[in-house]
Each structure stands twice: as C-alpha cells, then as structure tokens.
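**Student:** please find the sequence and the predicted model below.
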Number of protein chains: 2
Amino acid sequence: MSAPSTGSPSGSDTRLAARPTIPGGDPFGTHRSVAPAGSLPQPAQRLDNDFSRLFAGELLLAVETLNIDAASFRQMEEGEGETDDQVIVGRVLGTIANRGKQHNPVTGSGGMLLGRVLQVEASHPDAATLRPGDRVASLVSLSLTPLRVDSVTAVRRPSAQMDVTGEAVLFASGAYARMPADMPERLALAVLDVAGAAPQVARLVKPNDRVLVLGGGGKSGILCAAEARRRGGPGAKVIAIESHAPYADDLRALGICDAVVTADARDPVAVRAATLAATGGVEVDVSFSCVNVPDAELAAILPVRDRGVAYFFAMSTSFTKAALGAEGVGKDVDLFVGNGYARGHADHTLAMMREMPAIRALFEKRYG
Amino acid sequence: MSAPSTGSPSGSDTRLAARPTIPGGDPFGTHRSVAPAGSLPQPAQRLDNDFSRLFAGELLLAVETLNIDAASFRQMEEGEGETDDQVIVGRVLGTIANRGKQHNPVTGSGGMLLGRVLQVEASHPDAATLRPGDRVASLVSLSLTPLRVDSVTAVRRPSAQMDVTGEAVLFASGAYARMPADMPERLALAVLDVAGAAPQVARLVKPNDRVLVLGGGGKSGILCAAEARRRGGPGAKVIAIESHAPYADDLRALGICDAVVTADARDPVAVRAATLAATGGVEVDVSFSCVNVPDAELAAILPVRDRGVAYFFAMSTSFTKAALGAEGVGKDVDLFVGNGYARGHADHTLAMMREMPAIRALFEKRYG
C-alpha cells in the first residue's frame, strides 16, 4: 500500500509542483494564524490554508484520511435526528471553510490525519530523512493543523474516519509518526489517534492499584484498561464502566478487567456504588475518564480515594465541572487534564498492538 | 461583630423559626437537585432552595455576604459598557431565581459565602459543636449551594463581594470554616475564597525550583507566589506575569518575586520570552495560572520544561484548549485542573495571613 519514496508517478508529480518558500515561519506555526494574527494556531479562530507557498520548517502533506476526534464526531452526528453522512460531510467542509482547519467550534477538538509527504521545507528538523511519498500520521490535533479538503470520498462512522483528497501542513514542532509496515494503516491510524492514553496510565498506575476506567469499552478505554492491568499486575483491581452493551461484552471477552459494569458515566452516584461493589467497599487509587459525553466529571471523582488521581482523557470534560465538582464533594484528589502528547507515545501504543494480539484483533474488526 | 451563640434576640428569633426535618437527604446533596432530579448539586441545572423544611444532615445559614468568583464577577461586568451595580445585582438575582444557586451560566463558577448558623439538623457531622449564631464561611462553591437572596444591601466591586440578606444550606459533606477571631471578616472571607491555592503550591514546588505565576498580582496569584518563595527557598526563581500595572507594583513591593513582568497572559509567545529572559534561558519547572481571562492556557504551558507541571487555578481555563494546546506544541507536561479543596486548606491559608504581615496589610487594603 505504501507509495514508494522514489520513482513513482505520483512522486514525480509532487516534485513538479514544488512550492516556493516565503519568508517567515516559526516552529509553533504562529505565522499561519490569521485571526488573531500571530497567535498560536490551536486557539486561533482561523488559519491560513493557502499551500501555494510554504514557510520555514513546514512539512506539506497530501491528506488521505481524517480521523475525527470521537467527541467532535458525536457532536456532529447530533441535533438533526437521522443524520446522514452528507450532513457530517457538510459540517466538516463548513468548519474548514470558516477556520482553515478541522476545529469543531462546539467541542473545541479536532482529530488527526493520515497522508503522504509532498514536500519538506529545508529547515524542517527531519528534512534529511523525510522523503516525498513517505506515509505519515499527524500526532498533533487537527484543531491546529492548516488543512484544505478538495473532496470527501468515504465516511466510516464506526471509526469516525473520512477518506478525503486535500493538503495539510505540519509545523516544525508538530509531532507525526511514520506508518508502521507490520499492521494495516487504518488500525495504526485508529490507535495513534489515542496514542497518549496508555503512556500516561503507565506513569500513574502502580502494582496492586485499584483502577477505574470510564468508557472502558471504547478505543482509549481498552488501551487504558490493558495498560492498567499490565502495570498493576495480577494483584490490581481494574474496573471498567461502559454504557454500550456490545462494547462492554467485547471488553469482558478480553479478560483484562476484574469487573465490567454496564452503567451510565453521567450518573456519578451509580458509578460510585458499582465501583465500591467491585472493590469490596474501597475507593480506587486512580480513575481514567475515556467517555465521549458531557457531564461525566463527577463519576471520575466520586469513587477515588483521598489523595488519589482522576485523569481526564475525555475531550468532553468541563474544566469548571471537574474543579468545582471535586471541591463540592470534598475530594482531595489530583485532577489531570489529559495531555495527548507524551514522549515516545506513538511507539508505545503501536507496540501494544504487537504485544496484545487479542486487542489488535478486536481493533482490526472495529476500526480496520 | 460575632453574634453571641446563646441568648441574643436574633438567636431567639432563629430558634422560634426552627424548620422541620423531612425524610430524605444524603451527604452530597442530591436530594436538593430538581433538574436533573437526583443529580449531584454542582452539575444540576436547578436546586430546591425552599428552606421552610430541612433534610437530614443539612446546615442552615443566614447569609450575610456573597464572595463571587473572580471570573464570574468579571463576566457579569462585561457586555454592557458602563455596567452599574444594579446590573450586576440583577444578574445575580436572575441566576438565583433560575437555578436556586449563584451558578454563573456562562463561566460555570460560583464563589462562597459568609453567614451565621441558623439551624443544624441533628445528623450533621458537626451537630455537637455548631451552635446557632456561629459565624462561618462556606468552602464549597456557590455553584452547588442552595441559596435564597431576599435583598442586596451593598456591592463591593474591588473585592467581588455583595452584602445580602438571605439563607443557604450546606450539605453534610460541605466544607466550611469558622471565622477566625484575629482578623477582619472581610479579609478572612477574601482569602478563604482561594484557600485551595497555596496548599497545592506547597505540594508541588521543591527547593530551588523555577516557578511561573500567571496573574501573580491578584489574590490567588500573590498567595501562590508567596508559597512558591517559601517552599522554593532563596535558590528558587519565582517569576510573575501581571497585566494590571498597579497589581504588578504591589507584587514587586512585596519582594517575593525575582521578576514581575507586566504582560498579557493571552500572549503565550510573549510570556515565554519574558520568562526565559528572567531565568537566563531555562524553562520553568512548574507554572500556576491564576488569571481571570480566557485564552491563557498556552501561556502556562509554553514556558514549562519537559515533564514539568502546569497547574490551572483559573476558572476561565478551557479543558480542550489546555489539552490540545500542550499536544500541539509537543509539550510533555502534567496539566492539573485546580482542585479548590485540599485537606486543611483553610487553616493553611489563614495561617499565611498571620505569618506574612506585608501580604496581610496589602489584602486588608484591597479586600478589607
């Protein structure tokens, strides 16, 4: 599937259409922010997505697939009853027309993309090793990635992916991963989208910990539960909450959790009761929220012990609801905003696919 | 100023008007949530503020002063040009009429209150020691505190306080503090409002750390800077960013910072440059965001070293902007949602007023 890095017709086309570099360009991409001008590209209202010229340090990609953030995709599916694919396509194209990036104005989130290298500006840090045609996935959010989409050729709702033709730019500071040769690209893309999750679990979970995973049957939830089991060892208690019954069944079949409870993460009182029932009445050391619905903050806080940790990967998390919710119930716990970036996170998460064949098989079935 | 706990006319009135206890009532206050019914009171749209009867575990207070959260107060001041006090009063009363609590629908935040005990339901954990007339401040957010306001008698904008007559209920799990006898009540109320800040700084800052405080000249910012200096010791670097020139001057005069820079925390590139200039080019170990404006997330992230900490006390913080912003600039830092509650936080922060007379004098001038 990978385009060869030299000699292919598309590679030749690419080189014929080489874009000039114009002055300006910083590693963080402030030069592409149109409104407010000079701001960082993530908070910016609008980015410059004119790729007829490049700036210093930029990496130009031909985009093939957008992997939309789950909370964003769900939001776009809502509000109009039986939403068909064209409504979602229209929303994505409308956002890109307005903002120059796929930055959902409601959820604030983006996703990532799969593409191939078209051109590497000479001052990009990897200019010596990246070649036109190399297949890469972005590891920075679409919410800060200048993007132009010319057409949408497929929508895959179960995996929140869209196949497109278009172009995008990664800045010099923008993380990306080369697509691995030993697994299907759609699988790699699906897990790279949540590459930050398992490395953070590996840092926080200690042997014999009690761990709660909200939304444990989803993509990041399964990776969190698997990493919690690996780090916590056989003496750990790993408890998952999953509202979607088929996902709960999938997770049970993996055999990595001590309990998988079908409950709604928006009901913190029920989640706490279910968690305590599974632990024999003891609060958990750490919780991870991997849900894709709002109002699940307190379900991640209420079951945690004094001085424990509640870690929020869910992009639907409200800062004030988490902060004031913890205070309101008198819980002295450390509350973390999930950072999608951790050193080595792509390698860490791709390695899990090689080391955990049952999870790989499930993900290939779901997202492949 | 404190009402005597026995024998006063108001105390007698209180007892004459004792409210009956009706069945129901849990420690977290779910019994007062009207919409959604049975939810926790912080995320609830509306609370039951009918205090003609009490539920198990409740503490009924006569409210004297509301201390509005800074981000909420600022939001209510905005949008209508020269906002006079009556506009703010109208907004507060409108919110309470709609929600049964002072839970700002835009910022999601609340504040806290000062009052005196009217009645303690027999199953409240402190029923044996609390007496009618005792003066207390709530340490849980107004965003989850059932509240009725009958009149507003004063608005003090510099301290974001309002004197009112009204009633409120604290639940069995709701933290509160007895007002100290050795300092003015307005001062105590002002610092208790941000009681969670300094204890978190004390946990995170180590000797000789480099520390950045955004909004360092405000109330929580000064407490954070002072605690950072105390924990970091003379070898630490404490750098503050403050956009309001008089506040920056106040902070400089305290002599606790190595540098106080007058800059806008919404400009992360400028904040990073100013920080590196103050440290001699080295990124900081930990940053604390105490601003009251949106779009300051990246200013707290961009100057922090790999594996450092960015701690967000600011209620104006956006979860997605923090999460995706860090990922977007490739910063592997731990991002914390500021938890307003920490064990012993009220005692910790009141003790700072006794141990740091220059800060006490400044706060008495500003907020007393």
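**Tutor:** Happy to help now that I have it. Since this is a predicted model, take the numbers as computed values, not measurements.
**Student:** around chain B, pick out the residues from the stretch 201-350 of chain A.
**Tutor:** Applying C-beta under 8 Å from any C-beta of the partner chain, one finds that the stretch 201-350 of chain A approaches chain B through A:268-269, A:295, A:297-298, A:302, A:306, A:312, A:315, A:317-343. Where C-beta positions appear, they are placed from N, C-alpha and C, glycine not excepted.
**Student:** enumerate the residues of the stretch 51-200 of chain A near chain B.
**Tutor:** Counting by C-beta under 8 Å from any C-beta, the stretch 51-200 of chain A sits next to chain B at A:107-110, A:139-141, A:143-144, A:173-175, A:196.
**Student:** how about 6 Å then?
**Tutor:** A:108-109, A:140-141, A:143-144, A:173, A:175 (C-beta under 6 Å from any C-beta of the partner chain).
**Student:** mind listing which of those are in helices?
**Tutor:** Among those, no residue falls in helices (DSSP state H).
**Student:** look up the closest residue to the closest residue to chain B within the stretch 101-250 of chain A, ignoring the ones flanking it.
**Tutor:** Nearest residue of the stretch 101-250 of chain A to chain B (C-beta to the nearest C-beta) works out as residue A:108 at 3.5 Å. Nearest residue to residue A:108 in three dimensions, chain neighbours excluded: residue B:320, at 3.5 Å (C-beta to C-beta, 6 or more residues apart in numbering or on different chains).
**Student:** for the residue nearest to residue A:304 when sequence neighbours are not counted, give me the pLDDT.
**Tutor:** Leaving out its chain neighbours, the residue that sits closest to residue A:304 by C-beta to C-beta, 6+ apart is residue A:333, at 4.8 Å. You'll see residue A:333 listed with a pLDDT of 97.
**Student:** so what's residue A:333 up against?
**Tutor:** Shown in contact with residue A:333 (C-beta atoms under 6 Å, 6 or more residues apart in numbering or on different chains): A:304, A:308, A:310.
**Student:** next: residue A:58.
**Tutor:** Residue A:58 sits next to A:121, A:169 when contact means C-beta under 6 Å, 6+ apart.
**Student:** surely residue A:213 touches residue A:225?
**Tutor:** Yes - in terms of C-beta atoms under 6 Å, residue A:213 counts as a neighbour of residue A:225; the distance is 4.9 Å.
**Student:** need the overlap of contacts for those two.
**Tutor:** Applying C-beta under 6 Å, 6+ apart, one finds that residue A:213 and residue A:225 are jointly contacted by residue A:240.
**Student:** strands of chain A, residue ranges please.
**Tutor:** A:33-35, A:46-47, A:59-68, A:111-120, A:135-138, A:147-156, A:161-170, A:176-178, A:210-214, A:237-241, A:259-261, A:284-289, A:304-312, A:334-337 (DSSP state E).
**Student:** sheet partners, orientation included, of the shortest one?
**Tutor:** I take that to be strand A:46-47. Here strand A:46-47 is paired, per DSSP bridges, with strand A:33-35 (antiparallel).
**Student:** give me the contacts around the partner strand.
**Tutor:** Applying C-beta under 6 Å, 6+ apart, the contact partners of strand A:33-35 are A:39, A:41, A:44-46, A:48.
**Student:** now, among the residues you listed, which is nearest to chain B?
**Tutor:** residue A:41 (7.0 Å).
**Student:** neighbours of that closest one, just the number please.
**Tutor:** Using other C-beta atoms under 10 Å in any protein chain shown, residue A:41 has 30 neighbouring residues.
**Student:** on that earlier part again, would CSV of the contacts of strand A:33-35 with pLDDT be doable?
**Tutor:** Shown next, in CSV, are the contacts of strand A:33-35 (pLDDT from 0 to 100):
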residue, pLDDT
A:39, 87
A:41, 93
A:44, 93
A:45, 96
A:46, 98
A:48, 98
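**Student:** top of these by neighbour count?
**Tutor:** That'd be residue A:41 among those, by other C-beta under 10 Å, with 30 neighbours.
**Student:** where does pLDDT dip in chain A?
**Tutor:** In the prediction, chain A carries residues with pLDDT under 70 at positions A:1-17, A:79-83.
**Student:** and the helices in it?
**Tutor:** Listed in chain order, the helices of chain A (DSSP H) span A:9-16, A:70-77, A:85-99, A:185-192, A:197-204, A:219-232, A:245-254, A:268-279, A:297-301, A:319-328, A:345-355, A:357-367.
**Student:** can I get those in JSON lines including mean neighbour count?
**Tutor:** Shown next, in JSON lines, are those (neighbours: other C-beta atoms under 10 Å in any protein chain shown):
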{"stretch": "helix A:9-16", "mean neighbour count": "12"}
{"stretch": "helix A:70-77", "mean neighbour count": "22"}
{"stretch": "helix A:85-99", "mean neighbour count": "17"}
{"stretch": "helix A:185-192", "mean neighbour count": "22"}
{"stretch": "helix A:197-204", "mean neighbour count": "22"}
{"stretch": "helix A:219-232", "mean neighbour count": "26"}
{"stretch": "helix A:245-254", "mean neighbour count": "16"}
{"stretch": "helix A:268-279", "mean neighbour count": "20"}
{"stretch": "helix A:297-301", "mean neighbour count": "31"}
{"stretch": "helix A:319-328", "mean neighbour count": "28"}
{"stretch": "helix A:345-355", "mean neighbour count": "18"}
{"stretch": "helix A:357-367", "mean neighbour count": "16"}
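**Student:** between those helices, which gets nearest to residue B:203?
**Tutor:** Closest to residue B:203 of the helices of chain A is helix A:319-328 (C-beta to C-beta; 15.0 Å).
**Student:** which strands or helices does that closest one pack on?
**Tutor:** Secondary-structure packing of helix A:319-328 (3 or more C-beta pairs under 6 Å, 6 or more residues apart in numbering or on different chains; DSSP states H and E): helix A:297-301, strand B:334-337.
**Student:** quick one: the residue lying closest to residue A:105 once chain neighbours are set aside from residue B:297, how far?
**Tutor:** Counting by C-beta to C-beta, 6+ apart, residue A:105 lies nearest to residue A:95, which is 6.7 Å off, once chain neighbours are set aside. Residue A:95 sits 21 Å away from residue B:297, taking C-beta to C-beta, to the nearest Å as the criterion.
**Student:** sorry, back to before: among the contacts of residue A:333, who's most crowded?
**Tutor:** The most crowded member of the contacts of residue A:333, judged by other C-beta under 10 Å, is residue A:310 (30 neighbours).
**Student:** pretty sure that residue contacts residue A:300?
**Tutor:** Yes - Residue A:310 is within contact range of residue A:300, at 4.5 Å (criterion: C-beta under 6 Å).
**Student:** between those two, what contacts are shared?
**Tutor:** Shared contacts of residue A:310 and residue A:300, defined by C-beta under 6 Å, 6+ apart, comprise residue A:287.
**Student:** who are the contact partners of the closest residue to residue A:338 other than its chain neighbours?
**Tutor:** Counting by C-beta to C-beta, 6+ apart, residue A:338 lies nearest to residue A:313, which is 3.8 Å off, once chain neighbours are set aside. By C-beta under 6 Å, 6+ apart, the residues touching residue A:313 are A:197, A:220, A:290, A:338.
**Student:** got the contact list for the spatially closest residue to residue A:262 that is not a sequence neighbour?
**Tutor:** Nearest non-adjacent residue to residue A:262, counting by C-beta to C-beta, 6+ apart: residue A:248, 4.9 Å away. By C-beta under 6 Å, 6+ apart, the contact set of residue A:248 is A:217, A:242, A:260, A:262.
**Student:** change it to 8 Å
**Tutor:** Residues near residue A:248 by C-beta atoms under 8 Å, 6 or more residues apart in numbering or on different chains: A:217, A:240, A:242, A:260-262.
**Student:** residue B:234: which of the residues you listed is nearest?
**Tutor:** residue A:240 (48.8 Å).
**Student:** pretty sure that closest one contacts residue A:217?
**Tutor:** Yes - when contacts are counted by C-beta atoms under 8 Å, residue A:240 is listed as touching residue A:217 (6.8 Å).
**Student:** can you list residues touching both of those two?
**Tutor:** Taking C-beta under 8 Å, 6+ apart as the contact rule, residue A:240 and residue A:217 both touch A:248, A:251, A:260.
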